[in-house]
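> Predicted model follows, preceded by the sequence.
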Amino acid sequence: MKFAIFATKTKQHLGVVQGDKVISLTLLDEKKFPPCLKTFIENNKNLRLQAEQKIKQKENESAVFSLAEVNILPPISQPEKIICVGLNYTDHCKETGMEPPKSPVIFSKYANAIIGEKDSIEIPINSSEVDFEAELVVVIGKKAKCVTEEEANNYVFGYTIMNDISARDQQFADGQWSRGKTADTFAPIGPVIVTCDEVDNPHELSISLKLNDEIMQNSNTNNLIFTVPQIISFLSQSMTLKPGDLIATGTPPGVGMGRNPKVWLKDGDNISIKIEKIGTLTNSVCNLQTLK
């Protein structure tokens, strides 16, 4: 199933996307399906089957909307954790001039950075070197602590897309990555979360990014250095993963800082990331000074 959070003129909904339509579970049964995907994931064991039954029955035709007529919101806007893996494609390590790591390189983003489909990425007033990074994101489905690699897939609810926007001048000037990675709007995610049963192998997915219709990144998740089970197991040795936590698995080569000449995002740019079996995440870029 493909889950989305969306808004109409009067209401926010939890929905299931089917083709060019989205069915509001919230309108079918608001008590069971409030417009919060994190809550759904936390209660997934009890609600998933009920959601499937509601969709099949589709008792209320007014619960069906065209995707073109609704506003798609971030599927999860307040996760407990946004965990990111850096340098997880060998060719990306090469373009940054860094050696492939011996273990996953971990950093975090915060919820203030999250935006959704078609929202604008804002270039901060204190950065002139803002970059893009297409990433597959793992959505944790249940509490995970000290799990093995063999067990790890049992803790995955599904997958989505993130654009790991990065202010490179701040990232490298600071000596650590927090400020350069988690400015407002620096974590576009969505537009949907696809359940893991629809992604038979997360390590065989094409992943690409277009900047103004020019392909900048084009790879496959079979090039990941550390796999999804390895990442989940590694993280769970140190921290308890919770339902709705987001783990961005790293970006392939082709980022702006790795090019000659370098390519930085600018006012008016448009970015789209496509990952096989998940969909396409599209965002525009604006200069924060232009907004004021």
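Structure's in. What do you need?

> Could you pull out the strands in the stretch 1-150 of the chain for me?
2-7, 12-18, 21-24, 64-66, 71-73, 82-86, 105-109, 114-115, 120-123, 130-131, 134-140 (DSSP state E, counting those that start in this stretch).

> right, and those - which one's nearest Val192?
Set against Val192 and scored by C-beta to C-beta, the strands of the stretch 1-150 of the chain come closest in strand 2-7, at 4.4 Å. (Glycine included, C-beta is placed from N, CA and C.)

> Pull the residues that contact that closest one.
Defining contact as C-beta atoms under 8 Å, 6 or more residues apart in numbering, one finds that strand 2-7 is touched by 12-18, 22, 24, 35-37, 40, 65, 70-77, 158, 190-195, 198, 279.

> out of those, which are buried?
Among the contacts of strand 2-7, those scoring as buried are 12-17, 22, 24, 35-37, 40, 65, 70, 72-76, 158, 190-195, 279 (criterion: 16 or more other C-beta atoms under 10 Å).

> if we can go back for a sec, of the strands of the stretch 1-150 of the chain, which stretch is the most buried?
The highest average neighbour count among the strands of the stretch 1-150 of the chain, using mean count of other C-beta atoms under 10 Å, belongs to strand 134-140 at a mean of 26.

> And the next helix or strand past it?
strand 156-163 (DSSP states H and E).

> tell me the mean pLDDT over stretch 249-260?
Stretch 249-260 carries an average pLDDT of 95.

> whoops, I mixed them up, stretch 56-72
Averaged over stretch 56-72, pLDDT sits at 87.

> can you put the strands of the stretch 1-150 of the chain in a markdown table and add distance to Leu205?
Putting these into a markdown table (distance: least, C-beta to C-beta, whole Å) gives the following:
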| stretch | distance to Leu205 |
| --- | --- |
| strand 2-7 | 15 |
| strand 12-18 | 18 |
| strand 21-24 | 23 |
| strand 64-66 | 27 |
| strand 71-73 | 21 |
| strand 82-86 | 16 |
| strand 105-109 | 21 |
| strand 114-115 | 22 |
| strand 120-123 | 23 |
| strand 130-131 | 22 |
| strand 134-140 | 7 |
